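Engineer: When you get a sec, could you give me coordinates for this:
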Amino acid sequence: MSFVRKIANFIKEEGFELSALTIIVPSDRAIGKIKQELSMVCKSPVFSPQIITIDKWMEPTGKTRIDSTRQLISLYQASKKIKRFDDLSFEEFLGWGSTLLKDFDEVDRYLLDADSVFKNLRSIKELEEHWELDDDQLSYSQKKFKGFWDEIPRIYELFHATLSQKKKTTPGNAYREFATKIEQYVPKEESHRFLFAGFNALSISELTAIKKLIHSKRAYLLNDSDCFYTRNYIHEAGSFIRKNKAFLNVESSIKELDLISKKALQVNIIECTQQIGQVKVASKELDALSTEEQSQTLVLLCDESLISSIAKNIPESIQKTNISLGLPITQTAIKSWIDVIFQIQENKNKFNTESVYFYDFQRFINHSITMSCLSMAELYLLGDIERDAIKKNRIFQ
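Structural biologist: Numbering: from 1, shown residues only. Purely as a prediction, here's the structure:
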């Protein structure tokens, strides 16, 4: 039985009122599946409970999260308010700004005291560099570096104060505020219940929010795990689930599986010389499966850059797929298409001409984005132009 079916059965057996139930899951992928399973176990029409990802759930009301680019700009503006950095250029700031944002996010997600963390880090850096305690013996660069660490707690304070005035927040700070003031952001009705389903690695802020609800007898933890991992205290695969249980002081409301140690597993290893070989083999293996087997098959990639290639080579017999990995825009066709457009402009300037360099023209008309936007008649016309340019050795079009 699948984990989502177990969730649906648990809801039915416990007799939860669906209108007073919130199911929190790790990602959007599970939401549709849980709704589908609920519709199968419920014999009559019902309203779906709220099913939401933990990232969206832990968002304080009245504040908007901002992306990393806007965080970087806000951090730069906050840094400029400190006298030591009033002449700091944005180019110099970029060298350490992104790293500092990541540190701030970790401090918030794990509910750490920023002053203590950065003071301790400064002390560690001093010991690593074997600096003397007497400032007179430090070089100019050492004094500057030490001064930078002295100012970080102040930058942290100014940064969050600046965002707060604009009703903005960072993802990490949203987690901190939600976890510490959870009573303000969840339904106050005692009858409202929360299910946390399928979690593995969780930050302290997430665990703190869950723990408060579990201790108030309003929440349940549902794990999809096998005791082969969780009962073996030196097995790294079950380490996060074991830590979660210890922190929350609660067991999963769904019985753990005990299959891996008892079930015979069949593993086939197929050697491939290149990445494209992996894609072709995966496509061939999927095509050999029955429709029922395909719906129960997971393709797990060690290299996310193969997602686009895998998606293009999925057999025609598979009508729908569920892709749960993120695809960076730099690995998409639209990015390479934009690169071609920029290359056309750059070569126009380089050759001081309004004509298009033939190689750029060829790349543009044969690109998948261009071809998908044109009719067959237009494609044939461009093909004729390309062949004519090659025949006449026309360098510029």
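Engineer: going on from the host helix or strand of Ser239, what's the next piece of helix or strand?
Structural biologist: For Ser239, the host element (DSSP states H and E) is helix 239-248. Read in the C-terminal direction, the helix or strand following helix 239-248 is helix 275-287, with elements assigned using DSSP H and E.
Engineer: now the helices: where do they sit in the stretch 251-397 of the chain?
Structural biologist: Under the criterion DSSP state H, counting those that start in this stretch, the stretch 251-397 of the chain contains helices at 275-287, 291-295, 307-312, 333-351, 358-365, 368-373, 376-391.
Engineer: So for the helix holding Ser239, what gets flagged as buried?
Structural biologist: Applying a neighbour-count criterion of 16 or more other C-beta atoms under 10 Å, the buried positions in helix 239-248 are 240-242, 244-245, 248. C-beta coordinates here come from the backbone N, C-alpha and C atoms, glycine included.
Engineer: ok so, going back, ranked by average pLDDT, which of the helices of the stretch 251-397 of the chain falls at the bottom?
Structural biologist: Among the helices of the stretch 251-397 of the chain, helix 307-312 has the lowest mean pLDDT, at a mean of 83.
Engineer: I would like the residues contacting that helix, please.
Structural biologist: Contacting residues not belonging to helix 307-312 are listed as 275-276, 279, 282-283, 299, 301, 321, 323, 325, 327, 331-333 [C-beta atoms under 8 Å, 6 or more residues apart in numbering].
Engineer: Residue ranges in the stretch 101-250 of the chain under the pLDDT threshold?
Structural biologist: When the per-residue scores of the stretch 101-250 of the chain are filtered using pLDDT under 70, the ranges that remain are 125-147.
Engineer: In it, what residue spans correspond to strands?
Structural biologist: 168-169, 193-197, 219-222 (DSSP state E, counting those that start in this stretch).
Engineer: Could you identify which of those strands is most buried?
Structural biologist: Each of these was scored by mean neighbour count; the highest is strand 193-197, a mean of 23, by mean count of other C-beta atoms under 10 Å.
Engineer: which residues touch that one?
Structural biologist: Strand 193-197 is contacted by residues 3, 7, 10-11, 16, 20-25, 30, 34, 54, 186, 210, 213, 218-222, 224 when judged by C-beta under 8 Å, 6+ apart.
Engineer: who does that strand pair up with?
Structural biologist: In its sheet, strand 193-197 lies beside strand 21-25 (parallel), strand 219-222 (parallel), with partners assigned from DSSP bridges.
Engineer: Let me have these in JSON lines, adding distance to Leu38 as columns.
Structural biologist: Converted to JSON lines, the strands paired with strand 193-197 look like this (distance: least, C-beta to C-beta, whole Å):
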{"stretch": "strand 21-25", "distance to Leu38": "9"}
{"stretch": "strand 219-222", "distance to Leu38": "14"}
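Engineer: Let me know which of those is the nearest to Gly95.
Structural biologist: Taking C-beta to C-beta as the criterion, Gly95 comes closest to strand 21-25 out of these, the separation being 38.3 Å.
Engineer: Would you tell me what the next helix or strand after the closest one is?
Structural biologist: Heading C-terminal from strand 21-25, the first helix or strand you meet, by DSSP H and E, is helix 29-41.
Engineer: just checking, what packs against that next one?
Structural biologist: In this structure, helix 29-41 packs against helix 3-14, strand 21-25, strand 50-53, with contacts taken as 3 or more C-beta pairs under 8 Å, 6 or more residues apart in numbering; DSSP states H and E.
Engineer: Pick the one among the contacts of helix 307-312 closest to Glu386.
Structural biologist: Sorting the contacts of helix 307-312 by how near they are to Glu386, with C-beta to C-beta, puts Ala333 at the top with 19.9 Å.
Engineer: so what's the closest one up against?
Structural biologist: Shown here is Ala333, whose contacts under the criterion C-beta under 8 Å, 6+ apart are 308, 367-369.
Engineer: change it to 10 Å
Structural biologist: By C-beta atoms under 10 Å, 6 or more residues apart in numbering, the residues touching Ala333 are 308, 312, 367-370, 372.
Engineer: Dump the residues you listed to TSV, plus neighbour count and distance to Glu292.
Structural biologist: Formatted as TSV, the contacts of Ala333 follow (neighbours: other C-beta atoms under 10 Å; distance: C-beta to C-beta, whole Å):
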residue	neighbour count	distance to Glu292
Ser308	14	27
Lys312	11	24
His367	18	38
Ser368	12	33
Ile369	15	36
Thr370	17	39
Ser372	8	33
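Engineer: quick check, nearest of the residues you listed to Gly97?
Structural biologist: Once C-beta to C-beta is applied, the member of the contacts of Ala333 that ends up nearest Gly97 is Ser308, at 31.0 Å.
Engineer: I'd assumed Tyr359 was in contact with Arg394.
Structural biologist: No - between Arg394 and Tyr359 there is no contact under C-beta atoms under 10 Å: 11.8 Å.
Engineer: Any figure for the gap between Arg5 and Arg363?
Structural biologist: 49 Å (C-beta to C-beta, to the nearest Å).
Engineer: partner residues bridging the residue nearest to Thr353 when sequence neighbours are not counted?
Structural biologist: Ranked by C-beta to C-beta, 6 or more residues apart in numbering and with sequence neighbours excluded, the top spatial neighbour of Thr353 is Phe396, at 6.1 Å. Under DSSP bridges, the beta-bridge partners of Phe396 are Tyr357.
Engineer: and the gap between Phe396 and Leu382?
Structural biologist: Counting by C-beta to C-beta, the gap from Phe396 to Leu382 is 16 Å.
Engineer: Give me the more crowded residue out of those two.
Structural biologist: Per other C-beta atoms under 10 Å, whichever of Phe396 and Leu382 has more neighbours is Leu382, with 18 against 15.
Engineer: Name all residues that make contact with the residue nearest to that one when sequence neighbours are not counted.
Structural biologist: Once flanking residues are discounted, Leu382 sits nearest to Ile365: 4.5 Å by C-beta to C-beta, 6+ apart. Neighbouring residues of Ile365 by C-beta under 10 Å, 6+ apart: 340, 371, 374, 378-379, 381-383, 385-386, 397.
Engineer: which of these sit farthest apart?
Structural biologist: Of all pairs drawn from those, the one with the largest separation by C-beta to C-beta is Val340 and Leu381; the distance is 19.2 Å.
Engineer: I appreciate the help and will end here.
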